[in-house]
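Q: okay, here's the prediction I keep looking at, along with the sequence it came from:
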Amino acid sequence: MAWRNACDDVAPSKPLFLTIYTVVIIGIVVSSFYVFSAIYSSKPTASSAWLSSPSVVPSVLHDDSNLTDQTLNFSKSEVLQSVQTPASGSKNPWTRPIWEVPPHNKKMPPLKDFRLTKELVEQRVKDNIIIVTFGNFAFMDFILTWVKHLTDLGVSNLLVGAMDTKLLEALYWKGVPVFDMGSHMSTVDVGWGSPTFHKMGREKILLIDSVLPYGYELLMCDTDMVWLKNPLPYLARYPEADILTSSDQVIPTVIDDSLESWQEVTGAYNIGIFHWRPTESSKKLAKEWKEMLLADDKIWDQNGFNELVHRHLGPSVDEESGLFYAYDGNLKLGILPASIFCSGHTYFVQAMYQQFGLGPYAVHTTFQYAGTEGKRHRLREAKLFHDPPEYYNPPGGFLSFKPSIPKSLLLSGKHTVESHFSLVNYQIKQVRTALAIASLLNRTLVMPPLWCRLDRLWFPHPGVLEGSMTRQPFLCPLDHVFEVNVMLQDLPEEEFGPKIDIREYSLLDNPSTPSEVKKSWLDVRLCKEESQDCYPSNNSTVGGVLRFPKRSNEETFLKVFSSFKDVKVIQFSSVQDAFTGFADKEREDKFRKRVKRYVGIWCCVLDHSPGHIYYDMYWDEKPEWKPIPPQTSADDHPPW
């Protein structure tokens, strides 16, 4: 061997040289051993370890926030199905399969490595297209849901822009391809229309203007939307389009999956979902749009986009595609059909895709009334949001009930403001009782499905928008009647009594709810106290059914249901006249103060200002109550 020959050559020489040669050779052998050991020990393996925050996550991730430990409820097999087999020794965080967590014994790359560059985007591009969303840490659960929907569809050519380092680090340690937008954004939620909200809008156009010169197609998405079908084959049907955009159109202009008939579109072009090709026309538009927004911080980004593209509308590019010329007369624009690239109205209110027999590609949580909490709740109602396992199995278990609604309230008579309030108020009273029982038993209330006769909007309307496909009555989102954001808010307990947790009506049918919850069930059927077999007893169960007297007091509830604390779901067949109220007047007063804030407004009647009408949780205690808008400015306040 060569090393032996070397030793032979130096044998006649001085012992010093022999010693040096020997030390060098031994060093080489030892170093080789450690190198190969390191390579094999750091070889990545697909696992579900990303489901919980790793112990070596930087301290910034341990801030006091309930989102820090929120993780998605996926099994190991689901993770393996959504990613490709990792390449041996893969270290690049942008080529690593999505959801494959980085080695926990390695440090996170420096922040500068996460800067947006063409080389970084190139790592994720497939078929020359990249799908991008962005946000701050407050929207981490939305972002994880967005990514999970895409990976479930087999789509991996995506990137997430982090507007703060807290989100960037959190996504990195969960195996989500992320880049730094350099925004130095706050990590908390921002209200719609606030200066920070407008700042986020400007980040979107800065991002578009940065990516287009790279030469890749860009599908830009807001974080408050989810993908239900792979959109890329649909977008590929229109190779001539410079831009394809979603819209706020609520009246259908087509009945199939073709682009909207642009001449009939009256709703604003919505920039929550839109696809850009890197053409000269689109790059020109992006540059002017950016300059417009940077010159005036009061312009809403969506309004600026609409103003620019509406400078020139038409004619059609051809007779078939649905594309038309816009902006400077050269830009080829198409409007995605609102029936399948759904807004919050066409999906949650009209269910337009169902009426046309179409499969929706996306749903964007617009047209809702309870902020970020309302968006989250709507996706949960549709079983489209991914929550951590503990969300589906809270301490204390669930309370649910079957709402009782007379057929006449749903179907009889004309659909008027009066008939709408009669229907909704009948349900509000039952929810009020259920909230009290849930508070008493310290259980999480599963809200019932809610029925409405009239739509809710921000402006006067005749009940439903003419030309829309809203059925009457319809299953309406909870935020049409209840202030979801207030219900989920931590109101001071010393003033409002104990918090009452709620869940969406579909939770017990959600595949993510564990079988141990669904199997641990007690049915409660109300009965008349004077009937022969109706007496309160914690032993009166037959086949999981408990007969329980109507108009029971607090003492009876606590005595009977104390034996069922380990039961996960207690479901009442009805809650009408089930509970007579709290024994402690102070607790009753705090409860009333709390739930009065849980209901919102209906909006809006025609020919009256203001046109909104306040819902009242205790409407039935006011004999003169009528569903009319405030008559004076002094009357324009919630009934607290």
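A: Yep, that arrived.
Q: next up, phi/psi of the nearest residue to Trp625 once chain neighbours are set aside, please.
A: Setting aside the residues directly before and after it, Trp625 is nearest to Trp619 in space (Cβ to Cβ, 6 or more residues apart in numbering), at 4.9 Å. The way it works is simple: take the backbone N, C-alpha and C, and place the C-beta from them, glycine included. Per-residue torsions, Trp619: phi -60, psi -30 (degrees, to the nearest 10).
Q: surely Ser339 and Gly357 touch.
A: No. If you go by Cβ atoms under 8 Å, Ser339 and Gly357 don't touch, sitting 10.1 Å apart.
Q: overlap in contacts, these two.
A: Common contacts of Ser339 and Gly357 (Cβ atoms under 8 Å, 6 or more residues apart in numbering): none found.
Q: between those two, who's got more neighbours?
A: Ser339 (27 against 8; other Cβ atoms under 10 Å).
Q: quick one: contacts for the more buried one?
A: Pro252, Val254, Ile255, Asp257, Thr346, Met352, Tyr353, Phe356, Leu358, Pro360.
Q: rerun at 10 Å
A: Contacts of Ser339 were listed using Cβ atoms under 10 Å, 6 or more residues apart in numbering, and they are 249, 252-257, 260, 346-347, 350-356, 358, 360-361, 469.
Q: buried ones among those?
A: By neighbour count, with 16 or more other Cβ atoms under 10 Å, the contacts of Ser339 hold 249, 252-254, 257, 260, 346-347, 350-353, 356, 360-361, 469 as buried.
Q: just the buried residues of the helix or strand hosting Ile428, please?
A: Here Ile428, judged by DSSP states H and E, is contained in helix 417-441. Residues of helix 417-441 classed as buried by neighbour count (16+ other Cβ under 10 Å): 417, 419-441.
Q: correct me if wrong: Cys476 contacts Val464.
A: No. Look at Cys476 against Val464 with Cβ atoms under 10 Å: they stay out of range, at 11.3 Å.
Q: overlap in contacts, the two.
A: In contact with both Cys476 and Val464: Val349, Arg453, Leu454, Asp455, Thr470, using Cβ under 10 Å, 6+ apart.
Q: identify the farthest-apart pair in the residues you listed.
A: Val349 and Arg453 (12.6 Å; Cβ to Cβ).
Q: which neighbours do those two share?
A: Val464, Phe474, Cys476.
Q: so of the residues you listed, which ones are in strands?
A: Residues of these located in strands (DSSP state E): Phe474, Cys476.
Q: follow-up on the earlier one: in contact with the residue nearest to Trp625, which residues?
A: Here Trp619 is in contact with Phe421, Val424, Asn425, Tyr426, Ile428, Lys429, Arg432, Val599, Trp625, Lys626, Pro627, Pro639 (criterion: Cβ under 10 Å, 6+ apart).
Q: using a markdown table, lay out these together with distance to Glu119 and pLDDT.
A: Converted to a markdown table, these look like this (distance: Cβ to Cβ, whole Å; pLDDT from 0 to 100):
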| residue | distance to Glu119 | pLDDT |
| --- | --- | --- |
| Phe421 | 60 | 98 |
| Val424 | 56 | 98 |
| Asn425 | 61 | 98 |
| Tyr426 | 62 | 98 |
| Ile428 | 57 | 98 |
| Lys429 | 62 | 98 |
| Arg432 | 59 | 98 |
| Val599 | 54 | 98 |
| Trp625 | 66 | 95 |
| Lys626 | 66 | 96 |
| Pro627 | 61 | 97 |
| Pro639 | 60 | 92 |
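Q: just send the residues you listed back as TSV, with distance to Pro103 too.
A: Below are the contacts of Trp619 laid out as TSV (distance: Cβ to Cβ, whole Å):
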residue	distance to Pro103
Phe421	60
Val424	55
Asn425	58
Tyr426	58
Ile428	54
Lys429	57
Arg432	53
Val599	51
Trp625	64
Lys626	67
Pro627	62
Pro639	58
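Q: now for the residues you listed: which two are most distant?
A: Farthest pair in the contacts of Trp619, by Cβ to Cβ: Arg432 and Lys626, 19.3 Å.
Q: poorly predicted segments of the stretch 151-300 of the chain, please.
A: Where the stretch 151-300 of the chain drops to pLDDT under 70, the residues are 184-201.
Q: ranges for the strands of it?
A: 158-162, 178-180, 217-221, 225-227, 243-247, 269-276 (DSSP state E, counting those that start in this stretch).
Q: centre of the chain versus the fifth one, how much separation?
A: A distance of 21 Å separates the C-alpha centroid of strand 243-247 from that of its chain, computed with Cα atoms, centre = their mean, to the nearest Å.
Q: what lines up beside that strand in the sheet?
A: Paired with strand 243-247 in the same sheet, following DSSP bridges, are strand 269-276 (antiparallel), strand 331-335 (parallel).
Q: can you lay out the ones you listed as TSV showing mean neighbour count and distance to Asp164?
A: Listed next are those as TSV, based on neighbours: other Cβ atoms under 10 Å; distance: least, Cβ to Cβ, whole Å:
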stretch	mean neighbour count	distance to Asp164
strand 269-276	23	21
strand 331-335	25	33
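Q: so for Lys107, which of the ones you listed sits nearest?
A: Closest among the strands paired with strand 243-247, using Cβ to Cβ: strand 269-276, at 35.9 Å.
Q: with only the CA atoms kept, save the closest one in CSV.
A: Taking Å, rounded to 0.1, in the frame of the first residue of the first chain, the C-alpha atoms of strand 269-276 are listed here in CSV:
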residue,chain,number,x,y,z
TYR,A,269,-61.8,41.9,-9.0
ASN,A,270,-60.5,40.3,-5.8
ILE,A,271,-56.8,39.9,-5.5
GLY,A,272,-56.9,37.2,-2.9
ILE,A,273,-56.4,34.5,-5.6
PHE,A,274,-54.7,35.5,-8.8
HIS,A,275,-52.3,34.1,-11.3
TRP,A,276,-49.6,36.1,-13.1
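Q: contact partners of stretch 113-122?
A: So stretch 113-122 is contacted by 93-94, 108, 123, 125, 130, 132, 157, 159, 161-162, 165, 168-169, 172, 177-182, 207, 210-211, 213-216, 218 (Cβ under 10 Å, 6+ apart).
Q: can you do 7 Å?
A: Trp94, Ile130, Leu159, Leu168, Val178, Phe179, Asp180, Ser210, Val211, Tyr214, Tyr216 (Cβ atoms under 7 Å, 6 or more residues apart in numbering).
Q: if we only consider the shared contacts of Val349 and Arg453, which is nearest to Glu530?
A: Cys476 (38.0 Å).
Q: residue contacts, the closest one?
A: Val349, Leu450, Trp451, Cys452 are the contacts of Cys476 under Cβ under 7 Å, 6+ apart.
Q: if any of those are buried, put those into a PyMOL selection.
A: Filtering the contacts of Cys476 down to the buried ones (16+ other Cβ under 10 Å) takes a single PyMOL command:
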select buried, resi 349+450+451+452
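Q: the contacts of Cys476 in helices, which ones?
A: Using DSSP state H, no member of these falls in helices.
Q: which residue packs closest to Trp451, ignoring adjacent ones?
A: Using Cβ to Cβ, 6+ apart, the closest residue to Trp451 is Pro473 (5.0 Å).
Q: residues near that neighbour, how many?
A: With other Cβ under 10 Å as criterion, Pro473 counts 18.
Q: correct me if wrong: it contacts Pro449.
A: No. Counting by Cβ atoms under 7 Å, Pro473 stays clear of Pro449, with 11.3 Å between them.
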